[in-house]
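Undergrad: here is my input, please return the structure:
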Amino acid sequence: MTVLDDAALPCPLWRRLAALVYDLLAVLAIVMVVGLLCQLATGGRLIATGAHTHIAWWYQPLQGLVVAAYFAVSWLRGGQTLGMRPWHIRLTAADGGRIAPGQALRRVVVAALPLLLLGLAPWLGLGGAVWAALAGWALWFAPALVDPRRRALHDLAAGTALRRS
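TA: Purely as a prediction, here's the structure:
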């Protein structure tokens with residue numbers, strides 16, 4: 001098998017999930033830095049505690065935009081996030097070329113949709129809502145188990161594929 005053939009191989013699900021664990025560490029660091037900057041910018045009044053905890057209305061959307069930008073910019077700049085590099089994974093368009101900005105945006109939005117299930121926390125409790133979101137992501141990745149090119153739902157929606165690099 002040549003190097004060119006190896007690069008055309010689809011990425012197995014276990015490898016993409018391992019890369020996602022690495023990316024989770026990068027995202028955690030990014031979220032912590034943004035949180036610190038927001039606390040400094042608001043003089044420590046970002047989160048008010050008392051009888052009820054109150055978080056500034058703009059803080060969670062800002063964190064979502066920053067995390068989405070991390071993924072989209074990484075994919076557009078070289079097809080890889082920090083977590084994808086050690087696992088030799090590259091995101092490409094379905095034809096093997098570079099992805100377009102619209103594809104990156106569509107992929108990040110569709111991949112994040114299970115986060116909406118966290119809104120069920122008032123009814124399911126925080127633990128139940130987290131499990132619901134994890135179940136949603138399991139459903140999102142399920143097509144990768146049967147698709148010949150190992151594409152998850154967000155890849156199918158965006159017209160992208162993960163390949164070994």
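Undergrad: for Ala18, which non-adjacent residue is closest in space?
TA: Nearest in space to Ala18, with sequence neighbours left out and distances taken as Cβ to Cβ, 6 or more residues apart in numbering, is Trp87 at 5.7 Å. C-beta here means a position set from N, CA and C on the backbone, and glycine is covered the same way.
Undergrad: next: Leu17.
TA: Distances taken as Cβ to Cβ, 6+ apart put Phe141 closest to Leu17, at 7.5 Å, once the chain neighbours are dropped.
Undergrad: give me the neighbour count for that neighbour.
TA: Applying other Cβ atoms under 10 Å, we find 20 residues neighbouring Phe141.
Undergrad: the nearest residue to Leu115 once chain neighbours are set aside sits in which helix or strand?
TA: Nearest non-adjacent residue to Leu115, counting by Cβ to Cβ, 6+ apart: Ala133, 6.0 Å away. Assigned by DSSP states H and E, Ala133 belongs to helix 121-141.
Undergrad: again with Gln63
TA: Assigned by DSSP H and E, Gln63 belongs to helix 59-78.
Undergrad: what about whichever helix or strand comes after that helix, distance to the chain center?
TA: Downstream of helix 59-78, the first helix or strand assigned by DSSP H and E is strand 89-93. In terms of Cα atoms, centre = their mean, to the nearest Å, the centre of strand 89-93 is found 14 Å from the chain centre.
Undergrad: give me the mean pLDDT for whichever helix or strand comes after strand 89-93.
TA: Next in sequence after strand 89-93, counting helices and strands by DSSP H and E, comes helix 101-112. For helix 101-112, mean pLDDT is 97.
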